[in-house]
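A.B. asks: when you get a sec, could you give me coordinates for this:
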Amino acid sequence: MLRTKQTTLNEIYEGCLDDFTNDKPRFLALLEEYIDIDALIPATFRNHFYLREGRPREYPLHAFLWALIIQRIFSIPTDSLLLVFLEYSRELREFCGFVKVPDAAKITRFKQDFVEDLKDMFERLINLTEPICQEINADLADMAIFDTSGIEAFVKENNPKQADSLIRRMKTWKTAKGLPDTFDPYQAAYSMMPPHAEAEPSVKQMYINGHFCYAYKFGLVVNGLGIVRHIAFYDEEFLAAHPEVKVEKKSKSPDEDKSLADAKALIPTLKDFMGNHPMINPGTFLGDSAFDSIDIYAALLGEDGLGFKRAYIPLNSRSTPQYPGCTLNEDGVPCCPKDPSLAMASEGNTSHLRCGKPSLKFVCPKMQWVKCEDGKYRRRTSCEDPCTDSPCGRMFYIYPEKELRTFPGTVRGTEDWEETYKIRVTVEKSINHFKDSFCVADRRTRNPLTLKADLFLAGITQQITVLLADSIHQHQYIRSLKPLLVS
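C.D. replies: Predicted structure coming up:
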């Protein structure tokens, strides 16, 4: 016969208390166990927040930060929806450190008042995550990949009806006046659009992803792992810090304007990045054809440049590559003197030559290593109409320093080039990740301080992601913690 045990009121209370204490989602428990947010906050940020002016702070600093980081991890699109989550989730509210839920105005005021402090925190986290990136993959961490984009602001000029109306007017004008086909109504409409939003001058007219919009322009520098290393904002503050960047009147071509603007922003952005983090010295740069400029190659690879060893930039069709003494194909690879359709074979870097200067060696495309009578293997060409008396065939030694645009520390058209340049897509993925997963896009605001704070918070969230993934030894989660939310 089983004996029943009578449960006391004290045991019931202790059981309920234990259930409430341990009733915490696994993901929040991981964050609480491995991430000490107080240790990551710079002292200047803490001092600024708790500066004694008037009444003491009703809400702690770490509560605001955790709430805004969780908002981005969970992809909560608006601040008002975040407050709803905090109101109805006791676990989330207690994890962040809120005794009661703040109103939306306090969230906005926090972003605007402490945007520079958020930047300092982001820069500090960069230094903490760099060794982790190097440990995961040193080759990918050694890359710097740059691209620009924009956050569309909540202004009347972003109403698509406004651009559509102007384009229709230009089409009607072309038909009424019988203008030739060379008249492009889209370019005409673009040239007539105001350069910035009426309500906020820092929101500029841009051409992003195939459509016109008014956006707050920014740039990202990421490594080959897709982890952001630097965020730049191309506003009046940036132009004041870099007077060498000249803002010229826009042309009739939105694509040309974007290319010129990106090319002008690249070197100042990289200088700011390396100035903020002198211990990070990437050796490989990846960018699109907008950066195919002699001046940019010199700034990246030259003796007085930024110290890059290789630049993977596709050639722009506006000019063909040249090198004295040999004919080059469209990829900048030397060709057979008698048959320009045959690209010569690359034997890689030969910097061990007596001159000590870096060089690239190219050999006859019909050359093979043949075992000779003495048992040694030597180069021998099978060309039926050789262009030289040498049994090895024609050889070219290319010195990249003579023409950095043609030979930017690597050879175009090779398998290594193709495989490496594919990594450039990571910067576009990072921009989309910031806009979609971290909900930077579609914010109903035009305040530049709020937009900057949202981007810095997205950057902070990504660095927290790297720290947590490394702490739990799950490096596959360095870009996103979403799989942990459902596990």
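
A.B. asks: residues in contact with residue 57?
C.D. replies: With contacts defined as Cβ atoms under 8 Å, 6 or more residues apart in numbering, the neighbours of residue 57 are 49, 50. Heads up, the C-betas are built off the backbone N, CA and C, glycines and all.

A.B. asks: ugh, typo on my part, it should be residue 212
C.D. replies: By Cβ under 8 Å, 6+ apart, residue 212 lies in contact with 163, 190, 193, 205, 206, 254.

A.B. asks: output these as a markdown table; include the columns neighbour count.
C.D. replies: Below are these laid out as a markdown table (neighbours: other Cβ atoms under 10 Å):
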| residue | neighbour count |
| --- | --- |
| 163 | 20 |
| 190 | 22 |
| 193 | 16 |
| 205 | 20 |
| 206 | 21 |
| 254 | 21 |
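
A.B. asks: among these, name the ones in strands.
C.D. replies: Cross-referencing those against strands under DSSP state E gives 205, 206.

A.B. asks: ok, the contacts of residue 212 vs residue 42, which is closest?
C.D. replies: residue 206 (32.7 Å; Cβ to Cβ).

A.B. asks: bridging residues for the closest one?
C.D. replies: With DSSP bridges as the criterion, residue 206 is bridged to residue 213.

A.B. asks: for it, list the residues it contacts.
C.D. replies: Neighbouring residues of residue 206 by Cβ under 8 Å, 6+ apart: 150, 212, 213, 214, 215, 217, 258.

A.B. asks: re the thing from before, can you add pLDDT and give the contacts of residue 212 back as TSV?
C.D. replies: As requested, these are exported to TSV (pLDDT from 0 to 100):
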residue	pLDDT
163	75
190	74
193	79
205	79
206	77
254	60
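
A.B. asks: of the contacts of residue 212, closest to residue 386?
C.D. replies: Closest to residue 386 out of these is residue 254 (51.7 Å), distances taken as Cβ to Cβ.

A.B. asks: quick one on the thing from earlier: pull out the buried residues from the contacts of residue 206.
C.D. replies: Taking 16 or more other Cβ atoms under 10 Å as the criterion, what is buried in the contacts of residue 206 is 150, 212, 213, 214, 215, 217, 258.

A.B. asks: and of those, the nearest to residue 44?
C.D. replies: For the buried ones among the contacts of residue 206, the nearest to residue 44 is residue 217 (27.7 Å; Cβ to Cβ).

A.B. asks: now for residue 66, how many residues are close by?
C.D. replies: 22 (other Cβ atoms under 10 Å).

A.B. asks: now swap in residue 93 and tell me
C.D. replies: 18.

A.B. asks: now it, what are its backbone angles?
C.D. replies: Main-chain dihedrals, residue 93, degrees, to the nearest 10: phi -60, psi -40.

A.B. asks: I'd say it and residue 86 touch.
C.D. replies: Yes: under the criterion of Cβ atoms under 8 Å, residue 93 makes contact with residue 86 at 5.0 Å.

A.B. asks: can you list residues touching both of those two?
C.D. replies: What both residue 93 and residue 86 touch, as defined by Cβ under 8 Å, 6+ apart, is the set residue 101.

A.B. asks: check the offset of stretch 57-73 from the chain's centre.
C.D. replies: 25 Å (Cα atoms, centre = their mean, to the nearest Å).
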